[in-house]
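Peer 1: Below is the sequence, then the predicted model.
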Amino acid sequence: MNINKESIYSSETQLRVRYGETDQMGYCYYGNYAQYFEVGRVEALRKVGMTYKQLEEMGYMLPVSTLNIKYFSPAFYDDLLTIITKITEQKGVRLVFEYEIYNESKKLLVTADTMLVFVNKSTMKPTTPPKEFVDLFFDKK
């Protein structure tokens with residue numbers, strides 16, 4: 001995981017830790033972070049101009065093939081979290097996202113990366129991403 005490498009695109013999303021996402025100690029349950037990363041991904045794509053829904057309507061899906069997380073400090077109930085989502089690589093069928101989650105004090109809580117794979121919705125086989133998606137990030141020369 002190399003969160004400092006150059007990104008193709010970066011976006012910020014905020015969400016608040018809900019009571020039901022915490023354990024008896026008031027800590028945000030560790031398993032919720034994967035959902036927070038998904039919120040970051042979905043919103044990053046929306047901000048750049050293509051939603052997951054549009055990709056699916058075009059016949060593509062993006063399942064996660066790997067997830068790596070490093071926890072530094074817990075989030076607590078009612079914390080307002082900032083999720084920084086970066087697209088750091090698009091190579092062939094693979095799309096790599098990296099994440100940082102901060103609390104309101106700007107303390108780094110978690111870093112992570114995911115690799116997603118473009119698949120054909122009908123066959124569920126890996127496929128190259130649609131041109132419309134690639135054109136959002138790369139020079140169209």
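Peer 2: Arrived safely, thanks for sending.
Peer 1: so is D78 in a helix, a strand, or just coil?
Peer 2: Reducing the assignment at D78 to three states with DSSP: H, G, I helix; E, B strand; the rest coil gives coil.
Peer 1: Now for it: which residues touch it?
Peer 2: By C-beta atoms under 8 Å, 6 or more residues apart in numbering, the residues touching D78 are 16-17, 19. (C-beta placed from N, C-alpha, C; glycine too.)
Peer 1: what's the lowest-pLDDT member of the residues you listed?
Peer 2: For the contacts of D78, the least confidently modelled position is Y19, at 94, judged by pLDDT.
Peer 1: Please report the number of neighbouring residues for it.
Peer 2: 8 (other C-beta atoms under 10 Å).
Peer 1: Please apply the same query to S105.
Peer 2: As a burial measure, S105 scores 6 neighbours (other C-beta under 10 Å).
Peer 1: Okay, helices next: where are they in the chain?
Peer 2: For the chain, applying DSSP state H gives helices covering 32-48, 52-57, 131-137.
Peer 1: could you dump those helices to CSV with mean neighbour count and distance to Y9?
Peer 2: CSV is the format used below for these (neighbours: other C-beta atoms under 10 Å; distance: least, C-beta to C-beta, whole Å):
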stretch, mean neighbour count, distance to Y9
helix 32-48, 18, 6
helix 52-57, 14, 15
helix 131-137, 14, 6
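Peer 1: quick one: which of these is nearest Q90?
Peer 2: For the helices of the chain, the distance to Q90 is smallest for helix 131-137, at 6.6 Å, taking C-beta to C-beta.
Peer 1: if we can go back for a sec, just give me the lowest mean pLDDT stretch among the helices of the chain.
Peer 2: When these are compared on average pLDDT, helix 131-137 comes out lowest at a mean of 86.
Peer 1: Quick check: the residue most central in space within the chain vs Y19, distance?
Peer 2: For the chain, R41 is the residue whose C-alpha lies nearest the centre (C-alpha atoms, centre = their mean; 3.3 Å). As defined by C-beta to C-beta, to the nearest Å, R41 lies at a distance of 24 Å from Y19.
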